[in-house]
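Q: Following is a predicted model, sequence given first.
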Amino acid sequence: MTEILVDARGHRCPVPTLRLRRALEAAPPGARIRLLADDPLARIDVPHFAADAGAEVLEVADADGALSFLVARR
């Protein structure tokens, strides 16, 4: 399955979650979005947003000084 990459590094919350929302709205059901963010608050904000949006966080990892979230659209 193809991943959609959303690079929000260098931006502070709420920008990463806003970009994730736009990507989720544009993606087909079942799509996976990889969000990169370097704002530490994203670790809290992204899972809360995903739950509210009906999406599922499949993975959270540290990648080269940034957080990497793999989010699936239901």
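A: Structure received. A quick note: this is a predicted structure, and the numbers were derived from the prediction, not measured.
Q: Going by C-alpha atoms from here, please, whenever you check contacts or count neighbours.
A: OK.
Q: Under the pLDDT cut-off, which ranges of the protein? List them.
A: Within the chain, the ranges that satisfy pLDDT under 70 run 1.
Q: Apply 80 and report the result again.
A: Across the chain, the ranges flagged by pLDDT under 80 are 1-2, 63.
Q: how about the helices in it?
A: Counting by DSSP state H, the chain has helices at residues 15-26, 42-53.
Q: Mind putting those helices into TSV with mean neighbour count?
A: Shown next, in TSV, are these (neighbours: other C-alpha atoms under 10 Å):
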stretch	mean neighbour count
helix 15-26	17
helix 42-53	16
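Q: between these, which one is nearest to Leu35?
A: helix 15-26 (6.8 Å; C-alpha to C-alpha).
Q: still on that earlier bit, nearest to Asp7, out of the helices of the chain?
A: helix 15-26 (8.2 Å).
Q: returning to that earlier point: let me have the helices of the chain in a markdown table, adding distance to Asp64 as columns.
A: Below are the helices of the chain laid out as a markdown table (distance: least, C-alpha to C-alpha, whole Å):
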| stretch | distance to Asp64 |
| --- | --- |
| helix 15-26 | 17 |
| helix 42-53 | 15 |
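Q: Out of these, flag the one nearest Ala61.
A: helix 42-53 (9.7 Å).
Q: Dump that closest one to PDB, keeping only the CA atoms.
A: The C-alpha trace of helix 42-53 is given here as PDB (Å, rounded to 0.1, in the frame of the first residue of the first chain):
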ATOM      1  CA  ALA A  42       2.900  16.400  18.300                       C
ATOM      2  CA  ARG A  43       3.400  13.200  20.300                       C
ATOM      3  CA  ILE A  44       0.300  14.200  22.300                       C
ATOM      4  CA  ASP A  45      -1.700  16.100  19.700                       C
ATOM      5  CA  VAL A  46      -1.500  13.700  16.700                       C
ATOM      6  CA  PRO A  47      -3.000  10.600  18.500                       C
ATOM      7  CA  HIS A  48      -5.800  12.700  20.000                       C
ATOM      8  CA  PHE A  49      -6.600  14.300  16.700                       C
ATOM      9  CA  ALA A  50      -6.500  10.900  14.900                       C
ATOM     10  CA  ALA A  51      -8.900   9.400  17.400                       C
ATOM     11  CA  ASP A  52     -11.300  12.300  17.000                       C
ATOM     12  CA  ALA A  53     -11.000  12.100  13.200                       C
END
